[in-house]
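Q: Model the following, please.
(one chain, ligands or ions: 1)
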Amino acid sequence: MTTAPPGTQLRQLTFGFMPAYVVRAAAQLGIVDAFAGVPRPAKEVAAELGLPVDSTRRLLRALTALGLFAEQQDDHFEVLPEADLLGREHPASVQAIVAMFTDPLMTRGWEELATAVRTGHTTFDDIFGQPFFDQLAEEPVKSALFNASMSEATRGVAATAPSAYDFGRFTSVLDIGGGDGTLLTAILQANPNLRGAVLDSAEGAAQAPARYAEAGLTDRATVVTGDFFDAIPDGYDLHLIKSIIHDWSDDRCEQILRLSRAAIPADGRLVIVEPILPDRAEPGLRPGLYLSDLNMLVNVGGRERTRADFDALLQRSGFSLTAIHALPPEVGFWLIEATPV
Ligand SMILES: C[S@@+](CC[C@H](N)C(=O)[O-])C[C@H]1O[C@@H](n2cnc3c(N)ncnc32)[C@H](O)[C@@H]1O
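A: Numbers count the residues shown, from 1 in each chain. Coordinates of the predicted model:
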């Protein structure tokens, strides 16, 4: 048995940004779509995309070395199943996640992680001169990409949450910061008695009407355009809030949650949909959650939270934490139910 020399792990971690850019380039260039599901020679793919053959073949070989493609005889390359998910039309596509999370809008703040750790400050704001969501509001194309990436990232929750919680006992659901309505659509489809709305900014909810129409839900699903720091409408006995709390500091979260508390009827519920950090970073934990925590630090000024953090936040906002339902481990999210007190 050979042992890796000292420094191997650190070298792998250090060079870890390079595969991300290989995948980014493949997504940007539409490499997978150009294969149209069959093995093809590099020169044919290059010609179709209007690219130089040599650099295209080098990219294909790097993708092969990373386990995403296979190289056959006669210059032919084959897309392996995982790489298929870079195709725009694949039902499980992660194309938008790849494009968004390797975009300078996401990566620039990370370049100044040491500053963020030193100061506790959100480096995105210094680099771009304004907070993340204000910047997105000025860039409609990026905003649509961000919304698509959130939809892709919500797919697992949307597929599993409807059977993990009794949504059917409510009459109306408001998904606070619900984006393009991916989660709301899944819940309404599974509960024909329920109606609902997403509350989001105009650009955040821009794609929701199309999603409702595609799902045949235009009679039960609407969009409420607004700022969740200013007003949360009443008339909904279930408030959902997924991947919003982790975007903000405790004080900012309390602002949102107090508005929610004021709008929820006494027998209503709030369900926070987020990952839950363990109390300690024990050996063997998957690093994704801790990297997401730092992503919140550098880009939006939020954080991932432990159960005790959620408990404290809910208490100071007029709720008590009444139940926690775990979604399947591979989904990595929990439904944290809170009752108004
Ligand atoms: C991290 S995304 C989560 C989207 C969706 N809930 C999901 O999990 O896929 C955050 C959402 O909050 C919305 N948002 C940010 N600031 C907002 C504000 N002040 N008022 C309303 N929506 C806001 C964004 O437009 C975006 O849709």
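Q: can you tell me which residues contact whatever residue of the stretch 201-341 of the chain ends up closest to the ligand?
A: Nearest residue of the stretch 201-341 of the chain to the ligand: Gly204, at 2.3 Å (CB to the nearest ligand atom). Backbone N, C-alpha and C define where each C-beta goes, glycine included. Gly204 makes contacts with Phe133, Ser143, Asn147, Gly177, Gly179, as judged by CB atoms under 8 Å, 6 or more residues apart in numbering.
Q: For the second one, give its distance to Ala137.
A: Spelled out, it's Ser143. According to CB to CB, to the nearest Å, Ser143 and Ala137 sit 7 Å apart.
Q: The last one too?
A: The span separating Gly179 from Ala137 equals 14 Å under the rule CB to CB.
Q: Show me the common contact partners of the two, please.
A: Counting by CB under 8 Å, 6+ apart, Gly179 and Ala137 have no contacts in common.
Q: Which one of these two is surrounded by more residues?
A: Gly179 (28 against 16; other CB atoms under 10 Å).
Q: Surely the more buried one is in a helix?
A: No - per DSSP: H, G, I helix; E, B strand; the rest coil, Gly179 lies outside any helix segment and is coil.
Q: Which residue ranges make up each domain of the protein?
A: Residue ranges for the structural domains of the chain, counted by automatic domain parsing, are given in the record as 8-86, 104-340.
Q: And the longest one, end to end?
A: Here the two ends of domain 104-340 are set 41 Å apart, with distance taken as CA to CA, to the nearest Å.
Q: again, but for the first one
A: Terminal residues of domain 8-86 are spaced 29 Å apart (CA to CA).
Q: would you list the domains of the chain in JSON lines and tack on mean pLDDT and distance to Thr2?
A: JSON lines is the format used below for those (pLDDT from 0 to 100; distance: least, CB to CB, whole Å):
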{"stretch": "domain 8-86", "mean pLDDT": "96", "distance to Thr2": "11"}
{"stretch": "domain 104-340", "mean pLDDT": "97", "distance to Thr2": "24"}
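Q: Just name the most buried of those domains.
A: Mean neighbour count (mean count of other CB atoms under 10 Å) peaks for domain 104-340 among these, with a mean of 18.
Q: remind me, longest helix of this protein?
A: helix 140-160 (DSSP state H).
Q: Would that one count as contacting the ligand?
A: Yes - against the ligand, helix 140-160 shows contacts by CB under 6 Å from any ligand atom at Met150, Thr154.
Q: How far off centre is that helix?
A: Distance, stretch centre to chain centre, for helix 140-160: 6 Å (CA atoms, centre = their mean, to the nearest Å).
Q: Next, see if the helix or strand just after it gets close to the ligand.
A: On the C-terminal side of helix 140-160, the closest following helix or strand by DSSP states H and E is strand 172-176. No - interface with the ligand: strand 172-176 contributes nothing (CB under 6 Å from any ligand atom), its closest point being 6.6 Å away.
Q: tell me what strand 172-176 is packed against?
A: helix 182-190, strand 195-200, strand 238-242, helix 250-263 (3 or more CB pairs under 8 Å, 6 or more residues apart in numbering; DSSP states H and E).
Q: Would you mind pulling up the elements that the third one packs against?
A: Judged by 3+ CB pairs under 8 Å, 6+ apart, the packing partners of strand 238-242 are strand 172-176, helix 182-190, helix 250-263, strand 269-274.
Q: export these to JSON lines and tack on distance to Gly332?
A: Supplementary listing: the helices and strands packed on strand 238-242 in JSON lines, determined by distance: least, CB to CB, whole Å:
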{"stretch": "strand 172-176", "distance to Gly332": "19"}
{"stretch": "helix 182-190", "distance to Gly332": "15"}
{"stretch": "helix 250-263", "distance to Gly332": "20"}
{"stretch": "strand 269-274", "distance to Gly332": "10"}
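Q: Which among these is found nearest to Val117?
A: Of all the helices and strands packed on strand 238-242, helix 250-263 sits nearest to Val117, with 18.8 Å by CB to CB.
Q: neighbouring contacts of the closest one?
A: With CB under 8 Å, 6+ apart as the contact definition, helix 250-263 has outside contacts at 174, 176, 228-236, 239, 241, 244-245, 248, 270, 301, 313-314, 316-319, 340.
Q: Just those: which are in strands?
A: Members of the contacts of helix 250-263 lying in strands (criterion: DSSP state E): Leu174, Ile176, His239, Ile241, Leu270, Phe319, Pro340.
Q: any idea how far the fourth one is from Ile127?
A: Read it as Ile241. 28 Å.
Q: circling back to that earlier point, which of the helices and strands packed on strand 238-242 sits closest to Gly87?
A: Of all the helices and strands packed on strand 238-242, helix 182-190 sits nearest to Gly87, with 19.1 Å by CB to CB.
Q: Point me to the residue of the stretch 1-150 of the chain nearest the ligand.
A: Met150 (3.6 Å).
Q: right, and that residue touches Gly177 too?
A: No - between Met150 and Gly177 there is no contact under CB atoms under 8 Å: 9.6 Å.
Q: Could you tell me which residues touch both of those two?
A: Taking CB under 8 Å, 6+ apart as the criterion, Met150 and Gly177 both touch Ser243.
Q: Just put the helices and strands packed on strand 172-176 in CSV and tack on distance to Ala25.
A: Formatted as CSV, the helices and strands packed on strand 172-176 follow (distance: least, CB to CB, whole Å):
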stretch, distance to Ala25
helix 182-190, 27
strand 195-200, 31
strand 238-242, 31
helix 250-263, 36
